[in-house]
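> Give me coordinates for this.
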Amino acid sequence: MPQHLEPDFLPLRPMTLDDVSAVMAIEKRAYPFPWTATLFVDCLRHGYSGWLYEHDGKLAGYAMMMLVLDEMHLLNICIDPALQGKGLGSRLLKTLQRIARAAHAETCFLEVRQSNFAAIHLYLNAGFNEVGIRKGYYPAEFGRENAMVMAKTLC
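Numbering: from 1, shown residues only. From the prediction side, this is the model:
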């Protein structure tokens, strides 16, 4: 019997204002310093590109990105903590890059906490490289934490 292979790309749908409460439920479980609902709402109202991945009728992951000229800025990407470790983050990232390429983006930029080793590993495996540091970018338990700036050519 042939083994079923999952597709590389996830079926996504655009995020709407009605989705923010479900997104926030995951955001609060996933991060010690989550985005606020207001931040998601502001991003959507300003035309940023929000995407949802639903599995078995439930929200499983989401992302927010900004497309400007020939650049994609990945602002937030998250898989429900109960579903992490199954390759969904990698597939979500691939799908977002495909969407960005279709919008004529040539480069993707993102920031990641220097202590978020799982995310850094994900981005390195996806072909991102470190291009800089933003000092004190993220709130932390005791002050501020630096962000690693990463980039990848999409073409």
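
> Identify the residue nearest residue 66 in space, chain neighbours excluded?
Distances taken as CB to CB, 6 or more residues apart in numbering put residue 73 closest to residue 66, at 4.4 Å, once the chain neighbours are dropped. Placement of C-beta: from N, CA and C, glycine included.

> give me every residue that touches that neighbour.
With contacts taken as CB atoms under 8 Å, 6 or more residues apart in numbering, residue 73 has the following neighbours: 65-67, 108-110.

> Just the buried ones from those?
With neighbours counted using 16 or more other CB atoms under 10 Å, the contacts of residue 73 contain these buried positions: 65, 67, 108-110.

> which ones among the residues you listed are found in strands?
Among the buried ones among the contacts of residue 73, DSSP state E puts 65, 67, 108-110 in strands.

> Output stretch 40-51 as CSV, restricted to C-alpha atoms.
The C-alpha trace of stretch 40-51 is given here as CSV (Å, rounded to 0.1, in the frame of the first residue of the first chain):
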residue,chain,number,x,y,z
PHE,A,40,-4.1,42.0,14.4
VAL,A,41,-7.1,44.3,13.7
ASP,A,42,-4.8,47.2,12.7
CYS,A,43,-2.8,45.0,10.4
LEU,A,44,-5.9,43.8,8.6
ARG,A,45,-7.4,47.3,8.4
HIS,A,46,-4.2,48.6,6.9
GLY,A,47,-4.2,45.9,4.1
TYR,A,48,-1.6,43.5,5.4
SER,A,49,-1.9,40.0,4.3
GLY,A,50,-3.3,37.6,7.0
TRP,A,51,-3.7,33.9,6.3
